Every structure is written in structure tokens, then in C-alpha cells.
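Chemist: here is the input, now give the coordinates:
(one chain, ligands or ions: 1)
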Amino acid sequence: MLSGVRIGPVAAGGHWVARHEGRVVFVRHGLEGELAEVRVTAVAARHAFADAVAITEPAEHRVVPPCPVAAACGGCDFQHVEAGHQRELKRQVVAEQLRRFAGLDWDGSVEEVLPAPLGWRRRMRYQRADGGWGLRAKASHAVVPLPDGGCRIATPGLAAPDSVLPGDTLIGADAADGPVWVEPGSDAVVAERALGRAWQVRADGFWQVHPRAPEVLADAVLAGLSPRAGERALDLYCGVGLFAGALTGAGAQVTGIEGGRTAVDLARRNVPQARFHAGSVDRVLRRVRGRVDLVVLDPPRAGAGRAVIAEVLRRRPRAVAYVSCDPATLARDLATASALGYRTDSVRAFDLFPMTAHLECVAILRPDA
Ligand SMILES: C[S@@+](CC[C@H](N)C(=O)[O-])C[C@H]1O[C@@H](n2cnc3c(N)ncnc32)[C@H](O)[C@@H]1O
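Modeler: Numbering: from 1, shown residues only. The predicted structure follows:
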């Protein structure tokens, strides 16, 4: 336990930077300016990780978390922060990552998306806990039992699985026809509604978790790309074809690439007007022939990486929409694009994960004049 730790600015990943006896300490559950007692949870060569457990001098934006297990559960990093200030913290993180890794001076804001801040999460993964169900603690296999009333950020239908459901792990999907519970690896397919139509998605496969995310992200992508009828577009890391569907709806001819074979099978059913290839983007993209006018990139947290960015830009698209859930890897990829002759025209940020440190960004890239 460390006493008298003064909490510094917010950092990525739901931490705040503090210093103690010359060592950097990444503290969870703090707020800038607070004086706290922290419990060290991990020590590395040059820094340590800790949880704030008692606050001697609280900050003005501190609130009582709506969930009684918020400090122990790994799901929410920001429950102790007033909701509007959560978006300000995310704005600071995005601005810092874009400045540090891409040399960009970003003056945007993080846009609120309703429902928020509670009752929005449409995919949940619960673990068996003593006599009931729980959620994993941060960076740990420990399971935190659900409080009365269940998870506060889940939609009401997913707040807590029925205790009689079997298995050690349960995935809940609040789909168009209501909640469905499956065990990992299940091949159950559920229907979702987005962009004014139905989509088929594996219950344990990828689908945007906030109910408004498909519309919000597709609108931002279309507004940034302004597709014209007959243009050729790539949807990379396409999942079950969300952005391919948005682009074909705008008249583009779309080719999608996705690593998950089941997702590709569903994408073909969801967007029959587009062509889809199964496989890793870095290998499959090289084999896609012909002109490319527009590209959507929506990689996992690790980002697209130098080789994929170079392969995309070699085709000289007139615009690229990069959808990202990690501002650090987004910024690194934007820096790579800049070195290859593509400038960042705009970055929009959306609070699609209220109460957590996560958010979603959409960056639009265009060739240098
Ligand atoms: C953030 S999700 C985006 C899915 C889709 N764009 C959507 O919004 O529904 C990233 C997707 O990339 C896929 N993926 C991860 N690594 C990949 C790779 N190296 N090549 C192709 N797809 C990959 C995952 O299976 C996942 O479907």
C-alpha cells in the first residue's frame, strides 16, 4: 500500500499517471489532482500498476459508482467519473495519442451516443462464480460475482443470466428478437437490425456492442468517403459485412476481406451484391486486382500495421475511412500513411463504450494534394 500519492493526468487504458519515489505508477480508479492511497497490483522494471483504494482529496468530477462492484470488476474503468467528464478524459487520451504518435494537433470532441451511460451493452460474457454468475476482474482470471440487479452497463435483458443456465462461461447477445444465451463456440446465428435491414450474426461472433454503433459508424464512414455510384471499394476486416452493406447501399462495388470463415459466409448472405474473401488481410489483399477508389479499414485493437497500410495506399484510393477502437494504434497507422503521401483529413471520436475507457474513432485519409 502506498499513501499520499498525487494522481496526475489520464493515460490510455483506464489509468492515471502518478509518481512515487521516482517511479511511474499507473493508477486505476483515480482522477487527476486527487491525493490517494493506492494498492500496488503489479511491478515492472521501470513502473508499477496500482488501484486507488482510498481518496484523501477527491476531485470535483468524482461520483459514487452506480455499480457496487465497479472497483473490483474489470469491465468499467470510469464508473467513478461524472458522465460528461468521462468524454473529456477520452478526448484528452485521443488528442495525446494523435499528437505523440502521428504529430497531429486534434481539436475535436468525443461525441455522446445514447443510450448512455448505463443499459447499452448488447454483448456480454459471464463466468460461473460461487453459486451464481460473475464477470472477470481486470487482467485476471478471478471472477467477481454479479451484484444484485446485475451488470449496470448491460441492456436490461443481459444484466444477469438465469442461475439455472448450464456451463462455466456464457455469452449473451441481445439481438433483434431479444436476449439469446450461448456457450462459447456455439454456431447459433441471431438476427440483428441495422441500417434499416436485417443482418445475420453468430451469437458469439463480432457485432458492434452499442445499439447505435452500426448507424453512427456507417454514417461517419459514408459522410467521409462520399461514395459515388460505380466506384470500387474495399471493406477490410469486414466481419459480417456492415460497411460493405453501407457502401453497396450507396452504389459502390464492394470487395470485403475477413479472417473469420463463418463471418464471411454470413457476409455473403447479408450483402449478396458484394464479393467477399476469407483470409488474413495482409495475405489476401495482395491478390485483389483492379482499381480501388475507396477503402474502409476496421482492424482489431492491434491496428492494421505498416504492411497493410502500404498495400492499401499503393492502390491510390481517393479516400480511406479508418475505423479504430484504439487511438494509439490508429495514430501509428496514420503516421505510416502520412509518410506514404496520405494526410489525415478528419478524426471523429464516439463514446460507444460509456463507463469504460474505450471509444471508437473514424479517421478519413486523402492523398496529399
Ligand atoms: C473490429 S472487427 C470489425 C468488423 C466489422 N467491420 C463490423 O463493424 O462489424 C474486426 C474484424 O477483423 C477480423 N480480423 C482480425 N484480424 C484479421 C486479419 N488479420 N485479417 C482479416 N480479418 C481479421 C475479426 O475477425 C473481426 O471480424
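
Chemist: how many residues are close by Ala12?
Modeler: 15 (other Cβ atoms under 10 Å). (Each C-beta comes from the backbone N, C-alpha and C, glycine too.)

Chemist: quick one, what contacts it?
Modeler: The neighbours of Ala12, taking Cβ atoms under 8 Å, 6 or more residues apart in numbering as the test, are Val93, Glu96, Gln97, Pro327, Ala328, Ala357.

Chemist: surely Ala176 is in contact with Arg197?
Modeler: No. With contact defined as Cβ atoms under 8 Å, Ala176 does not count as touching Arg197 (10.7 Å).

Chemist: still on that earlier bit, from the contacts of Ala12, which land in helices?
Modeler: Val93, Glu96, Gln97, Pro327, Ala328 (DSSP state H).

Chemist: that older thread, of the contacts of Ala12, which is the most crowded?
Modeler: Pro327 (27 neighbours).

Chemist: shouldn't it be in contact with Leu98?
Modeler: Yes. Counting by Cβ under 8 Å, Pro327 touches Leu98, with 6.8 Å between them.

Chemist: contacting residues for the residue nearest the centre of the chain?
Modeler: Ranked by distance to the mean C-alpha position of the chain (Cα atoms, centre = their mean), the top residue is Cys325 at 3.7 Å. Residues near Cys325 by Cβ under 8 Å, 6+ apart: Pro300, Arg301, His358, Leu359, Glu360, Cys361.

Chemist: buried ones in stretch 173-193?
Modeler: Within stretch 173-193, the residues that count as buried by 16 or more other Cβ atoms under 10 Å are Ala173, Asp174, Ala175, Pro179, Val180, Trp181, Val182, Ser186, Ala188, Val189, Val190, Glu192.

Chemist: also stretch 299-313?
Modeler: Pro299, Gly303, Ala304, Val308, Ile309, Glu311, Val312, Leu313.

Chemist: which residues sit against it?
Modeler: Contacts for stretch 299-313 (Cβ under 8 Å, 6+ apart): 234, 236-237, 281-282, 285-286, 292, 295, 297, 320, 322, 324-326, 329-330, 332-333, 336-337, 340-342.

Chemist: returning to that earlier point: looking at the contacts of Cys325, which are in strands?
Modeler: Of the contacts of Cys325, the ones assigned to strands by DSSP state E are Glu360, Cys361.

Chemist: want to throw the buried residues of stretch 173-193 into CSV with distance to the ligand and pLDDT?
Modeler: Converted to CSV, the buried residues of stretch 173-193 look like this (distance: Cβ to the nearest ligand atom, whole Å; pLDDT from 0 to 100):
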residue, distance to the ligand, pLDDT
Ala173, 14, 97
Asp174, 16, 97
Ala175, 14, 96
Pro179, 20, 96
Val180, 18, 96
Trp181, 21, 96
Val182, 18, 96
Ser186, 17, 93
Ala188, 17, 96
Val189, 15, 97
Val190, 14, 97
Glu192, 10, 97
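
Chemist: and the contacts of stretch 176-189?
Modeler: Contacts of stretch 176-189 (Cβ under 8 Å, 6+ apart): 125, 155, 157-158, 161-162, 165-167, 169-174, 190-193, 198, 200-204, 262, 266.

Chemist: what's the PyMOL syntax to select whichever of those residues are buried?
Modeler: Of the contacts of stretch 176-189, the buried ones can be selected in PyMOL as follows, counting by 16+ other Cβ under 10 Å:
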select buried, resi 155+157+158+161+170+171+172+173+174+190+192+200+201+202+203+204+262+266
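
Chemist: contact partners for Ser226?
Modeler: Residues in contact with Ser226 (Cβ under 8 Å, 6+ apart) are Ala319.

Chemist: typed the wrong thing, it's His20
Modeler: Per Cβ under 8 Å, 6+ apart, neighbours of His20: Leu2, Val5, Ala48.

Chemist: who is it paired with across the strands?
Modeler: On the basis of DSSP bridges, His20 is bridged to Arg23.

Chemist: ok, now how distant is the residue nearest to Leu135 when sequence neighbours are not counted from Trp120?
Modeler: Using Cβ to Cβ, 6 or more residues apart in numbering and skipping residues adjacent in sequence, the residue nearest Leu135 is Cys73, 5.0 Å away. Cys73 sits at a distance of 16 Å from Trp120 (criterion: Cβ to Cβ, to the nearest Å).

Chemist: which bits of this protein sit near the ligand?
Modeler: 206, 208, 237-239, 242-243, 257-260, 263, 280-281, 298, 300 (Cβ under 6 Å from any ligand atom).

Chemist: can you tell me the SS state at Leu217?
Modeler: helix (DSSP: H, G, I helix; E, B strand; the rest coil).

Chemist: helices or strands up against the host helix or strand of Ala50?
Modeler: Assigned by DSSP states H and E, Ala50 belongs to strand 47-57. The contact analysis (3 or more Cβ pairs under 8 Å, 6 or more residues apart in numbering; DSSP states H and E) places strand 47-57 against strand 2-11, strand 15-20, strand 23-28, strand 35-43.

Chemist: reformat those strands as TSV; add mean pLDDT.
Modeler: Formatted as TSV, these follow (pLDDT from 0 to 100):
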stretch	mean pLDDT
strand 2-11	95
strand 15-20	95
strand 23-28	95
strand 35-43	95
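
Chemist: those: which one's closest to Val221?
Modeler: strand 2-11 (27.9 Å; Cβ to Cβ).

Chemist: how far off centre is that closest one?
Modeler: Put simply, strand 2-11 sits 26 Å off its chain's centre (Cα atoms, centre = their mean, to the nearest Å).

Chemist: try stretch 295-309
Modeler: For stretch 295-309, the distance to the chain centre is 14 Å (Cα atoms, centre = their mean).

Chemist: what's the average pLDDT for it?
Modeler: Per-region confidence: stretch 295-309 scores 98 on mean pLDDT.
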